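> Let's see this in three dimensions:
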Amino acid sequence: MEYTVMPAADKTAPLVVICGEEESLDELRDELEKRSDNECSLVLFRVEDWNRELSPWHADPVMKKTEPFGGQADMFLKAILTEGLPAILQEYELQPEWTGIAGYSLAGLFALYSMYQTDRFDRYVSASGSMWYPGFVDYCKTHEPKKTPQAIYLSLGDAEAKTWHPLLKTVQDCTEAVTALYQTNKIPVQYELNPGNHFKDATIRLAKGIAWILNQD
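Okay, here's the model as predicted:
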């Protein structure tokens, strides 16, 4: 798998895994530096086919003339855990204090889904995550994290639910249901509403989430 690493000067600084597109990585680092004095290493794993690689199980397409969701998140996560991270830690001699995983949109859903599949990560960011995904809220309610998270950050645009689409319009209700679930389970969780629709300030929203988990004691 392909990845890009931005190592911190401090080898023990937290490591944050991101799944997405490389073009926004420099901007993300700049936005992070505005919001946190705490250093971290960043590693971005490139996603070629979001609907296939980041979806937890098969689902029908949400729009006409688009591909269905392939449900290969387990395979992508396994590649991160068995190929990507071990190679990166060895090559860059990193010994992170803790490891987080962050993502935007479907990658945000993937980040939370990983919490139920592995104990490798400690902190989670789902910025404008696709919580509308069929069956995901029920999955969270009927499954336990592999270990108790240190912190979870969830966010959404305040206009994201204002859509005609019957599935996508549930995103705010679903995100708030997941937030309430974590609150009930005494997991430190932050939920933030940002102005705008799903496509507004994606990098900034992701940076805000990563900064928040970096700033937690």
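> From here on, just use CA atoms for contacts and neighbour counts.
OK.
> ok, and for the least confident helix or strand in the chain by mean pLDDT, which residues are buried?
Each helix and strand of the chain was given a mean pLDDT (mean pLDDT, DSSP states H and E); the minimum falls on helix 25-35 at a mean of 91. Buried residues in helix 25-35, counting neighbours by 16 or more other Cα atoms under 10 Å, are found at 25, 28, 29, 31, 32, 35.
> Show me which of the residues you listed is closest to residue 86.
Among the buried residues of helix 25-35, residue 25 lies closest to residue 86 (Cα to Cα), at 21.1 Å.
> excluding its backbone neighbours, what's nearest that closest one?
Counting by Cα to Cα, 6 or more residues apart in numbering, residue 25 lies nearest to residue 44, which is 7.7 Å off, once chain neighbours are set aside.
> Now do the strand or helix carrying the one you found, average pLDDT.
Per DSSP states H and E, residue 44 falls inside strand 41-46. For strand 41-46, the mean pLDDT works out to 96.
> That strand packs against which elements?
strand 3-6, strand 15-20 (3 or more Cα pairs under 8 Å, 6 or more residues apart in numbering; DSSP states H and E).
> sorry, back to before: run through the bridge partners of the residue nearest to residue 25.
Beta bridges link residue 44 to residue 4, residue 18 when assigned by DSSP bridges.
> Quick one: mean pLDDT for stretch 201-208?
94.
> Give the buried residues for it.
For stretch 201-208, the neighbour count (16+ other Cα under 10 Å) marks 202, 203, 204, 205, 206, 207, 208 as buried.
> Who are the contact partners of the second one?
Taking Cα atoms under 8 Å, 6 or more residues apart in numbering as the definition of contact, the neighbours of residue 203 are 24, 27, 28, 31.
> thought residue 153 was touching residue 126?
Yes. Assessed by Cα atoms under 8 Å, residue 153 is found in contact with residue 126 at 6.2 Å.
> More neighbours: which of those two?
residue 126 (30 against 24; other Cα atoms under 10 Å).
> Quick check, that one in contact with residue 104.
Yes. Here residue 126 reaches residue 104: they are 6.1 Å apart, a contact under Cα under 8 Å.
> Spit out the residues that contact these two alike.
In contact with both residue 126 and residue 104: residue 206, using Cα under 8 Å, 6+ apart.
> Show me where the chain has its helices.
All helices of the chain, identified by DSSP state H, fall at 25-35, 50-53, 73-79, 85-92, 106-114, 136-142, 171-184, 202-214.
> Relative to residue 83, which of the helices and strands packed on strand 41-46 is closest?
That would be strand 3-6 among these, by Cα to Cα, at 10.8 Å.
> where in the chain is pLDDT low?
23 (pLDDT under 70).
> Now do residue 27 against residue 117, distance only.
30 Å (Cα to Cα, to the nearest Å).
> again, but for residue 80
In terms of Cα to Cα, residue 80 sits 12 Å off from residue 117.
> same question, residue 194
Counting by Cα to Cα, the gap from residue 194 to residue 117 is 29 Å.
> just to revisit the earlier point, can you name the residues that contact the residue nearest to residue 25?
3, 4, 5, 17, 18, 19, 20, 21, 22, 25.
> Much appreciated, bye for now.
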